[in-house]
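Participant: Okay, here's the prediction I keep looking at, along with the sequence it came from:
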Amino acid sequence: MNLAFTSDRLSYRPLAMDDLGLALALFTDEAVTRYVGERQTPEAIERSMPDCVRRGGDGCIGIWCVLRRDTGEKIGTTVVLPLPIESDDTDYSLVVPGEWPQGDLEIGYLLRPGAWGRGYATEIGHRILRFVFEDTRLEEVVAVTDPENHASQHVLRKIGMREEGMRRAYATECSAFRLERSTWQARGTSFDR
Ligand SMILES: CC(C)(COP(=O)(O)OP(=O)(O)OC[C@H]1O[C@@H](n2cnc3c(N)ncnc32)[C@H](O)[C@@H]1OP(=O)(O)O)[C@@H](O)C(=O)NCCC(=O)NCCS
């Protein structure tokens with residue numbers, strides 16, 4: 001499976017150990033972590049890197065580094081990962097080569113603040129859905145946000161995910177979204193993706 005791909009302005013490749021600088025920039029930033037947990041210490045982020053670079057299934061479950069194609073700048077990450085329900089973080093023990101975890105898989109994205117407001121999250125969302133439904137065997141994906149994260153909810157609506165109200169995830173109540181392969185396929189090219 002080819003795990004490196006592109007969209008109009010961005011390129012994507014599996015997160016690697018030398019993306020520590022990007023992880024530090026994201027997870028020590030109060031604006032980035034506002035709706036996705038707490039800021040972390042640099043030591044904790046460095047310790048978590050071996051987990052963050054793990055890949056499950058045939059490689060399609062994990063984290064991607066997202067870069068601008070014009071400058072090569074690392075602007076953020078996007079994920080396909082098992083959705084935690086009663087834990088406040090991903091259970092990386094479920095991310096194992098050759099294994100397909102039970103339960104929902106979530107898509108998500110984190111961008112450095114300098115990259116916000118340019119439509120990048122929408123572009124990433126469209127592209128990761130295309131990856132999921134064109135290049136993997138997954139039949140559906142979900143996404144969750146903090147109920148106050150209106151920007152992310154807007155992105156998820158724009159990329160065509162269906163709102164499901166509130167649900168339990170990350171050990172709290174979250175706004176929930178879902179998309180099935182059949183719905184994605186039925187939209188064909190009439191839907192902006
Ligand atoms: C949320 C996040 C991914 C958005 O990234 P982005 O690249 O700025 O998003 P886009 O530009 O593609 O789209 C954002 C949309 O939300 C809108 N928006 C921004 N702030 C908003 C708010 N407070 N309420 C409602 N809509 C808002 C924008 O106007 C835009 O919509 P439009 O294109 O129709 O005008 C980015 O801010 C981020 O990484 N935040 C920190 C991590 C995070 O919260 N990730 C999501 C976890 S669920």
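Facilitator: Everything's here; your move.

Participant: residues contacting the closest residue to Glu30 other than its chain neighbours?
Facilitator: Closest residue to Glu30 apart from its sequence neighbours, by Cβ to Cβ, 6 or more residues apart in numbering: Arg39 at 5.9 Å. From N, CA and C alone the C-beta is placed, and that goes for glycine too. If you count contacts by Cβ atoms under 8 Å, 6 or more residues apart in numbering, Arg39 has them with 27-30, 33.

Participant: again, but for Val32
Facilitator: Val32 neighbours (Cβ under 8 Å, 6+ apart): 26, 110-113.

Participant: pLDDT value on Asp192, please?
Facilitator: Note on Asp192: pLDDT of 52.

Participant: just Gly188 next, same as before
Facilitator: 74.

Participant: Then Thr77?
Facilitator: Value for Thr77, per-residue pLDDT: 98.

Participant: One more: Met1?
Facilitator: pLDDT, Met1: 84.

Participant: cool, and the one 4 residues further on?
Facilitator: Note for Phe5: predicted pLDDT of 97.

Participant: And for Arg168?
Facilitator: In this model, Arg168 carries a pLDDT of 98.

Participant: And Asn149, by the same measure?
Facilitator: The model's pLDDT for Asn149 equals 98.

Participant: Contact partners for it?
Facilitator: 35, 175.

Participant: So for the longest helix anywhere in the chain, what gets flagged as buried?
Facilitator: Scanning the chain for the longest helix, with DSSP state H as the assignment, gives helix 120-135. Residues of helix 120-135 classed as buried by neighbour count (16 or more other Cβ atoms under 10 Å): 120-129, 131-133.

Participant: quick check, that helix touching the ligand?
Facilitator: Yes. Using Cβ under 6 Å from any ligand atom, helix 120-135 reaches the ligand at 120-122.

Participant: Sticking with Phe177, tell me its helix or strand.
Facilitator: strand 172-180 (DSSP states H and E).
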